[in-house]
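>>> got a predicted structure plus its sequence, pasted below:
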Amino acid sequence: MRVGAPFLSLTLHLAVVLAGVEFASQAASRESTPMVLLPVELLAIDDTTNVAPVAAEEPEPEAEIEQSEPAMPEETASPEPAPAEAEPEPTPVPDAEIETPTEVKPAEPKPASKPAKEPSFEDSLAGILQSVEKTQPKTAPGDRKTAADIRSVEDAAPRRGVGDKTRMTISSGDFIRDQLLRRGCWADMDDMPDARRLRAVIRVRFERNGRLLGSPELVEPTRPPVGNPPLQVFIQRAFSALNKCSPYTLPPGYTDKSPPQWIDIDFRP
Amino acid sequence: MKDPIGMRFWKRSLALLALAISAAMSGAGLANAQLSTVVEGEQFIPIPVAVPGFKGGTAQANQIANQISEVVRNDLNTNARFQVLDAALVGPFSRDLDVSLPPRFADWASINTNALVVGNVSVNGSNMVTQFRVWDIYQQKELFAQQYTVPTPDSWRRVAHKVADDIYTTMTGEDGYFDSRIVFVSESGTGAAKRRRLAIMDQDGANAEHLLSGVNTVITPRFSPSSQTIIYSAYVPDPQNPRATLLRSYLYDIETGRQEVLADSRNATDFSGRFSPDGRYIVMNRVQNGNTDLYLIDVARRSQPPRRLTSNPDIDTEPSFSPDGSKIVFASDRSGPGESQLYIMNTDGSKMTCPIGGVAADACRISFGEGRYSKPEWSPRGDWIAFTKRSAGVWSIGVITPDGKAGPNGQAERILTRAYQDEGPTWSPNGRVIAFFREPGPGAGPSLWTIDLSGRNLRRLPTPGEGYASDPAWSPLLK
């Protein structure tokens, strides 16, 4: 739990006060009042955002594959048998031997994984009043990538309306994602073994100067991928990519909140 | 029906209390509302790696250290997934590097390298010790460290390949392939003077040498899993008729140079042999009574007649084991005269349910494209089968999924090269790179080439002499 006793005490007092107000109003009216539903506006996430474009470096172009296409032969030329004496001359090949390698020092262990994220205030409210259905889109593991397909999702609150900065925060993830891609910090790794199963969710937040605040935390996988070298490397490269792109250009309004918001970055090959 | 007021009060109060506790439990929920985004790589970018010259305490050690780091750079540079930074870029930051100390990360970050390899070589008597570390520049942490001790400095090249393999594994999570060899047929001369000799070299073209004199024409050499034995076929004089030749298969021991005939094949012709992954069996072609079928030889009992795996009037040829040894892929014209398609079968000859069509059969067709498919080789990783394809006069090297169904990219088959003549694919030990031979034009002569499984990074492999070479076969990783 991230909140200390003072906050808990404050909220409990608040509950008692609210209960008292409720009792007073009920006693006055002596009538039954229907439960009020909180208005919820479902947000459609656009391809474009209302934040300033990121000044990004262009990644280097891919090397061209040499292809030669001269005139084609009519038929295959298979090796011509050459009659000769059967007397091969063996030549032993010296084979250098290498002694058992000695490990100098193992790589550092990975940071311990973090528990699943805690429910937000709004989530709790929705659960208790049973008035809000979660409608946030989920990204299927097998989804393929195109710029249009990749979406950033705000996990938490239902949107409260235009002008309250929610519209900005919904695209904050995209803002960071674009920098990771356009500055070449995160590249296509589809050719890794069993790439479809590779995934790493890393939780980050940023200082006002755009640098990472504290150490990014691994959220998924929840356990260190012992015995899965490709996933270990994948996670390492995700952490490295986050550091490589630092400092980031932060979305407008990000630094207005204190403490800064966490962003879960879901890395896929 | 209305609830009594008291009951409603307690319900609402409990709800509010739960709400308050929940808010407290969620921490600074409002302040820390979670945002998330999905980041999928959109563009392939090789990993930038800096490999400054390794250091050596003496002049001799320094020379070897430079040679080792040069080979490491070359190995990584020949792979599509790495981009080794130029020496000019790396030089200014290299002087005070020490294998036992962390580097100045900010310096290396300024030249945009993801990883830095720092190494040291020392020679004590005849022993040579090579130490190196791989640093992640942006995480500012050590990723890997290793020390190799060899009994003679002459082994520096193998040490270099092992270092390169370690770096490859550290950065990709896959096994490397640099410490391996390629056996091939070295060609020289023309017409009657043309010679096709068995030859071997490191995967980077170094240490090339001929194993046989070239008296006989050699074809289709293949390694055993131990990399110490080569099976090949050669045209040899027919003892019954000095003016004729026979195609026979031999086992050649690289260590001793000793060789022997694979199997008694009177009245038959054996060729295209390949070892099973455990080295206990050899599957090969045998032509007998005018029919070409697949046969299995128990290596320990090869004086006994081989077991026939296929028996039909069509031509079944060029078999290759799956990595677990349970299946064999081969080319056959059983789908129609003049056609050649790829088929898989169980090694024990039992019927299998075909992945396409679902019927039970002795062998199942997996390729259905136009043209002729030939020379399949199953990837050591098991995920693809490489093949040669000729369609409309165009030669290609391609890969197909082992069951012929659409793979991760939505396609069953992927063509990697096109040329006047591309043939004979063979996999690197880690299943990432394919070597093959190419004749770029009429009379141009064949040479060896490699290409990444992704279709990137087509490169010519250097070979000795005139450089004409064909029939490559990649060894497993050396022990």
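Perfect, thanks for sending it. Owing to the predicted nature of the structure, the values given are computational and were not obtained by experimental measurement.

>>> any regions of chain B where pLDDT drops low?
B:1-33, B:408 (pLDDT under 70).

>>> for it, which segments are assigned as helices?
According to DSSP state H, chain B carries its helices in the segments B:5-25, B:59-77, B:87-94, B:105-109, B:156-172.

>>> looking at the ones you listed, which one is packed in the most?
For these, the largest average neighbour count (mean count of other Cβ atoms under 10 Å in any protein chain shown) is found in helix B:156-172, namely a mean of 24. Every residue, glycine included, has its C-beta placed from N, CA and C.

>>> packing partners for that helix?
helix A:229-245, strand B:47-50, helix B:59-77, strand B:115-124, strand B:127-136, strand B:141-150 (3 or more Cβ pairs under 8 Å, 6 or more residues apart in numbering or on different chains; DSSP states H and E).

>>> is chain B within reach of the first one?
By that I understand helix A:229-245. Yes - for helix A:229-245, a contact with chain B is found by Cβ under 8 Å from any Cβ of the partner chain, at A:229-234, A:236, A:239-241, A:243-244.

>>> using a markdown table, lay out those residues together with distance to B:Leu458 and neighbour count.
Putting the residues of helix A:229-245 next to chain B into a markdown table (distance: Cβ to Cβ, whole Å; neighbours: other Cβ atoms under 10 Å in any protein chain shown) gives the following:
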| residue | distance to B:Leu458 | neighbour count |
| --- | --- | --- |
| A:Pro229 | 28 | 16 |
| A:Pro230 | 25 | 19 |
| A:Leu231 | 30 | 21 |
| A:Gln232 | 30 | 17 |
| A:Val233 | 26 | 21 |
| A:Phe234 | 27 | 23 |
| A:Gln236 | 29 | 20 |
| A:Phe239 | 33 | 22 |
| A:Ser240 | 29 | 22 |
| A:Ala241 | 28 | 25 |
| A:Asn243 | 34 | 21 |
| A:Lys244 | 29 | 21 |
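
>>> tell me the one of the residues you listed nearest B:Ser470?
A:Pro230 (34.4 Å; Cβ to Cβ).

>>> ok, the closest one - contacts?
Neighbouring residues of A:Pro230 by Cβ atoms under 8 Å, 6 or more residues apart in numbering or on different chains: A:192-194, A:198, B:172-174.

>>> let me have these in CSV, extended by distance to B:Tyr250.
Below are the contacts of A:Pro230 laid out as CSV (distance: Cβ to Cβ, whole Å):
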residue, distance to B:Tyr250
A:Met192, 40
A:Pro193, 36
A:Asp194, 39
A:Leu198, 45
B:Thr172, 37
B:Gly173, 39
B:Glu174, 34
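
>>> nearest to B:Ser188 among these?
Within those, the smallest distance to B:Ser188 is 36.7 Å, found for B:Glu174 (Cβ to Cβ).

>>> burial measure for the closest one, as a count.
B:Glu174 has 19 neighbours, counted by other Cβ atoms under 10 Å in any protein chain shown.

>>> so it makes contact with B:Tyr168?
Yes - if you go by Cβ atoms under 8 Å, B:Glu174 and B:Tyr168 touch, sitting 7.2 Å apart.

>>> identify the residue of the stretch 1-150 of chain B closest to chain A, quick one.
B:Thr37 (2.8 Å; Cβ to the nearest Cβ).

>>> specify the local secondary structure of the residue nearest to that residue when sequence neighbours are not counted.
In space, and not counting its chain neighbours, B:Thr37 is closest to A:Gly173: 2.8 Å by Cβ to Cβ, 6 or more residues apart in numbering or on different chains. Secondary structure for A:Gly173, judged by DSSP: H, G, I helix; E, B strand; the rest coil, is helix.

>>> next, count neighbours for A:Gly173.
What A:Gly173 shows, counting by other Cβ under 10 Å, is a neighbour count of 28.

>>> just A:Leu181 next, same as before
Neighbours around A:Leu181, by other Cβ under 10 Å: 25.

>>> how about B:Val118?
Counted with other Cβ under 10 Å, B:Val118 comes out at 25.

>>> ok, what's across the strand from it?
B:Arg133 (DSSP bridges).

>>> for B:Ala106, see how far away it is.
Between B:Val118 and B:Ala106 the computed distance is 16 Å (Cβ to Cβ, to the nearest Å).
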